[in-house]
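*Asks:* what would the 3D arrangement of this be:
(2 chains)
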Amino acid sequence: MLREENEMVIDASGLTYKELNGLIRDRALSGAEKIFLRNVYGQRYIGTRLYSLTQTQNSSKPGTRIEIEVWGTPGNDLGAFLDGHRVVVHGNAQDGVGNTMNDGEIVVEGRAGDITGMSMRGGEVFIRDGVGYRGAVHMKEYLNKRPLLVIGGTAQDFLGEYMAGGVVVLLGLNATHSANFIGTGMHGGVIYIKGKVGKHQLGKEVGTFSLNEKDKKILEDCVGKFTEHFDVGIDQKDILHGDFIKILPVSKRPYGRVYTY
Amino acid sequence: MEGEEEKKWMKSYLLPEFIIERNEDRCIKCKVCERQCAFETHRYDEELDRMFSNEESCVGCQRCAVFCPTNALTVKPNQSAYRPNYSWTGERISDLTKQAETGAVLLTGSGNDRPYPIYWEHLLLNASQVTNPSIDPLREPMELRTFLGRKPDMLEAELMDDGEVRISTEMPPNVMVKTPILFSALSYGAISYQAFKSLAMAASEYGTLFNTGEGGLPKDLRKEYGKNAIVQCASGRFGVDLEYLNCSAAVEIKIGQGAKPGIGGHLPGEKVSCLIAETRMIPAGTDALSPAPQHDIYSIEDLSALIYALKEATNYEKPVSVKIAAVHNSAAIASGMVRAGADIIALDGLRGGTGAAPKMIRDNVGIPIELAISSVDERLREEGIRNRCSILAAGGMRCSADVVKAIALGADAVYIGTAALIAMGCTLCQKCYTGKCNWGICTQDPYLAKRINPDIASRRLTNLLRAWSMEIKEMLGGMGINAIESLRGNRDHLRGVGLQEWELEVLGVKGAGE
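*Replies:* Residues are numbered from 1 along each chain as shown, chains lettered A, B, ... in the order given. All right, here's what the predicted structure looks like:
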């Protein structure tokens, strides 16, 4: 399987997350740029302990971006605080995928649990199937740092709660949307949803809008990447065909007139 | 404020809170008072060549009185406002009036000012007489250095072939402070850049730590002051990235705050300037909402998950602190926090300050820090896990004796917030939430913020640290103790006066004379 000198395999069987992440860090510091993890069994924080790689004093090649491929099921907080690296999971992921992620890419060939993309502030997360509750909660953006979360299936309640920025795309493939409280407290960013969503499913701080040319361009781009990552039996054009809605906050200040002088 | 809208069409029945007396013989019409007041209380009338004051807008911050070159101004509380009434005090009447005029939540700043018992005033320190002689700190070494972080359960040492002894136990990361006084979390956004930088400079100069609060750490301060920073990771996760976490001395998860237990924060959009936007990584001009809970923490197990996420993110090189407001079950919660992996427990009591909090929350929620320190310390000792964390106590330390008493009750060190602000000029007018701080502290208005000169303000702060540290040494010496750690949890050096049985029991101290 290893084709290049800088590729490395780690067997995660029987390792604690501390041991496994220590090994990943050691391998990366000694030059590995692509790391294959076999037999991952619930180990948390994969990809989190790679900060020093981007620092000059610890690395011969500062700014190195590591690619990690995971076989098995990673534990919570996969890619938490991830900063520029890439993680691919050949299977499902648990809660907290991309928690407070700053940059990089996470691709999950399956489903992910609760708080997927929580407080993300940059980078891209692609989930082939659905996600659990409170996806993209408090995602935010700043200038060109605009996080992206693309979900192939659907999401549970409180998607985009407190969202302050970023882009969430819910493609609804083989799924119906039953989530409630979508966008509760949302005051920035945008959620695109394909498929039927009733007004009662939305938080009171958001409204639905139809797509403009700019939105279509964004969606084309996101769906393009999605179909590149996953073979879901439908191509980009067919996914894009159909009715999308855009969910935006109706006020940047949802909590005005709360306080006296 | 939103209430301004209502003000436009409804006559306000509020009386001025302060009376301004201007000695016309002294007034030289220099207009300093007019320029100093962001609330536009003073005004010069050209036609009459006279200064006038609009008392309705005066907040009593004393900026004008301090800066008046001829001492022509006296600002004093408007005592005779309403007929005296024990139940319906002037404050209750004016609060109610405000709400009738706006239909909104009362907002306030600074710490709880209600007359709840201040236990510091009911605790007395010991001193050596005849036996165990006292120590003179001016002539003998006195150790105030404090190490914050988890200590191992036991130490194992190996005797090496060359006769050296090597400790083989893995040592958890600890941070050393030269005095057991740290600066509380005061976020950039709540306070001005200048005030924030002053705290950073003073902490660095004196060898202690400041706390970034949840507003991030501006990039230009990371290199120089990061090693003296406790960086916060709060529910808003503003400005939290790996560089921020790794440039720090320690990381703190903020669960709660003494001034407003159980509720979140809200930095209004008009305060989110370009630099604050960059530091918090949100667009300029949008509200920065810190929700009440952290969305990934619903249990002790979840807290543990975040603690270890932060340890992973910092390669296990930084102690992780968890800050909670002191509430009814703090002791049990603290036990869970330590077991979840917290290396430092920060307890913030009833009188902890804030830039903005709903008044009802600030004034009515939480418990006094003195009781929380002793109950948490006691519980952790009983469970045999006290060594696994340091305790940082916050909320109402007004002088060095309060610090000594806090440590004798069981704290490792204290956080000071309000005291540090006063050192920089704050006069506790409680209008922090208006963003118009005339002292340049709690404002983002560049005209006001530049009133704080970090070189001078940091000097005022280091002076405070120096003065309190000397006094602490003096008190330690008097007790015959020459290291601060010998005082920690040493309640034999405390006696209570004017306390009831249950209070003595919770504090774990004997009554005076016993």
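*Asks:* next, B:Asn361: phi, psi?
*Replies:* Not quite, residue B:361 is Ile, not Asn. phi -70, psi -50 (degrees, to the nearest 10).
*Asks:* shouldn't it be in contact with B:Pro261?
*Replies:* Yes. B:Ile361 lies in contact with B:Pro261 (CB atoms under 8 Å); the separation is 7.3 Å. C-beta: built from backbone N, CA, C; applies to glycine.
*Asks:* so between those two, which is more surrounded?
*Replies:* Neighbours per residue (other CB atoms under 10 Å in any protein chain shown) separate B:Ile361 from B:Pro261, with B:Pro261 holding more: 24 against 19.
*Asks:* any idea how far B:Pro358 is from that one?
*Replies:* To B:Pro358, B:Pro261 is 11 Å away according to CB to CB, to the nearest Å.
*Asks:* next one: A:Leu170
*Replies:* A:Leu170 is 36 Å from B:Pro358, by CB to CB.
*Asks:* then A:Ser52?
*Replies:* According to CB to CB, A:Ser52 and B:Pro358 sit 43 Å apart.
*Asks:* who's more crowded, these two?
*Replies:* B:Pro358 (21 against 18).
*Asks:* got phi/psi on that one?
*Replies:* The phi/psi pair for B:Pro358 (degrees, to the nearest 10) reads phi -60, psi 130.
*Asks:* low pLDDT regions in the chain?
*Replies:* By default, I'm working from chain A. Filtered on pLDDT under 70, chain A yields the residue ranges A:1-3, A:54-62, A:252-257, A:261.
*Asks:* my question was about chain B, not that one.
*Replies:* Checking chain B against pLDDT under 70 turns up B:1-8, B:80.
*Asks:* let's see that with 50 instead.
*Replies:* For chain B, applying pLDDT under 50 flags the ranges B:1-2.
*Asks:* most centrally placed residue in it?
*Replies:* B:Gly417 (2.6 Å; CA atoms, centre = their mean).
*Asks:* isn't that one right up against B:Ala393?
*Replies:* No. Judged on CB under 8 Å, B:Gly417 makes no contact with B:Ala393 at a distance of 11.9 Å.
*Asks:* quick one: contacts for B:Leu507?
*Replies:* B:Tyr119, B:Leu123, B:Glu370, B:Leu371, B:Ser374, B:Leu409, B:Arg491, B:Leu494, B:Gly496, B:Leu499 (CB atoms under 8 Å, 6 or more residues apart in numbering or on different chains).
*Asks:* again, only using 10 Å
*Replies:* B:119, B:122-123, B:370-371, B:373-375, B:378, B:405, B:409-410, B:491, B:494, B:496, B:499 (CB atoms under 10 Å, 6 or more residues apart in numbering or on different chains).
*Asks:* greatest separation within those residues: which pair is it?
*Replies:* Across the contacts of B:Leu507, no pair lies farther apart than B:His122 and B:Glu378, at 18.1 Å, counting by CB to CB.
*Asks:* tell me which residues in the longest helix along chain A are buried?
*Replies:* If you go by DSSP state H, chain A has its longest helix at helix A:213-229. Neighbour-count burial for helix A:213-229, counted by 16 or more other CB atoms under 10 Å in any protein chain shown, picks out A:Asp215, A:Ile218, A:Leu219, A:Cys222, A:Val223, A:Lys225, A:Phe226, A:Thr227, A:His229.
*Asks:* show residues contacting whichever helix or strand comes after that helix.
*Replies:* Toward the C-terminus, helix A:213-229 is succeeded by helix A:236-240 as the next helix or strand (DSSP states H and E). For helix A:236-240, the surrounding residues in contact (CB under 10 Å, 6+ apart) are A:152, A:171-173, A:194, A:216, A:219-228, A:232, A:234.
*Asks:* buried set for helix A:236-240?
*Replies:* Result for helix A:236-240 [16+ other CB under 10 Å]: buried residues A:Gln236, A:Ile239, A:Leu240.
*Asks:* how much space between the last one and A:Ile234?
*Replies:* Spelled out, it's A:Leu240. Look at A:Leu240 and A:Ile234: by CB to CB, they are 10 Å apart.
*Asks:* what count of nearby residues applies to residue 101?
*Replies:* Since you didn't name a chain, this refers to chain A. A:Met101 has 33 nearby residues by other CB under 10 Å.
*Asks:* I was thinking of chain B, sorry if that wasn't clear
*Replies:* 18.
*Asks:* same for the helix or strand it falls within, what does it pack against?
*Replies:* Element membership for B:Glu101, per DSSP H and E: helix B:90-102. Here helix B:90-102 touches helix B:3-7, helix B:359-364, going by 3 or more CB pairs under 10 Å, 6 or more residues apart in numbering or on different chains; DSSP states H and E.
*Asks:* now A:Asn92. Nearest residue, chain neighbours left out?
*Replies:* Once flanking residues are discounted, A:Asn92 sits nearest to A:Gly110: 3.7 Å by CB to CB, 6 or more residues apart in numbering or on different chains.
*Asks:* rewinding a little: roughly how far is the longest helix of chain A from the heart of the chain?
*Replies:* 15 Å (CA atoms, centre = their mean, to the nearest Å).
*Asks:* and the strands in the stretch 101-250 of chain B?
*Replies:* Along the stretch 101-250 of chain B, the stretches classed as strands by DSSP state E, counting those that start in this stretch are B:107-108, B:123-125, B:146-148, B:157-159, B:165-167, B:175-177, B:181-183, B:210-211, B:229-233, B:250-254.
*Asks:* correction: the stretch 101-250 of chain A
*Replies:* Under DSSP E, counting those that start in this stretch, the stretch 101-250 of chain A gives strands at A:103-108, A:124-127, A:148-151, A:164-170, A:188-194, A:206-209, A:244-249.
*Asks:* I'd like the ones you listed as TSV, with distance to chain B appended.
*Replies:* As requested, the strands of the stretch 101-250 of chain A are exported to TSV (distance: least, CB to the nearest CB, whole Å):
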stretch	distance to chain B
strand A:103-108	9
strand A:124-127	15
strand A:148-151	15
strand A:164-170	6
strand A:188-194	6
strand A:206-209	15
strand A:244-249	10
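*Asks:* mind putting those into TSV with mean neighbour count?
*Replies:* Shown next, in TSV, are these (neighbours: other CB atoms under 10 Å in any protein chain shown):
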stretch	mean neighbour count
strand A:103-108	24
strand A:124-127	27
strand A:148-151	27
strand A:164-170	26
strand A:188-194	23
strand A:206-209	16
strand A:244-249	20
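*Asks:* out of these, which gets nearest to B:Asn246?
*Replies:* strand A:103-108 (15.0 Å).
*Asks:* relative to helix A:213-229, how tilted is the closest one?
*Replies:* Strand A:103-108 runs at 60 degrees relative to helix A:213-229, counting by axes from the mean of the first three to the mean of the last three CA atoms, to 10 degrees.
*Asks:* now do strand A:103-108: which elements does it pack against?
*Replies:* Checking 3+ CB pairs under 10 Å, 6+ apart, strand A:103-108 ends up next to strand A:67-73, strand A:83-90, strand A:124-127, strand A:148-151, helix A:213-229.
*Asks:* the first one: how far from the chain's middle?
*Replies:* Right, strand A:67-73. For strand A:67-73, the distance to the chain centre is 15 Å (CA atoms, centre = their mean).
*Asks:* adjacent strands (with direction) for it?
*Replies:* Under the criterion DSSP bridges, strand A:67-73 sits next to strand A:34-41 (parallel), strand A:83-90 (parallel) in its sheet.
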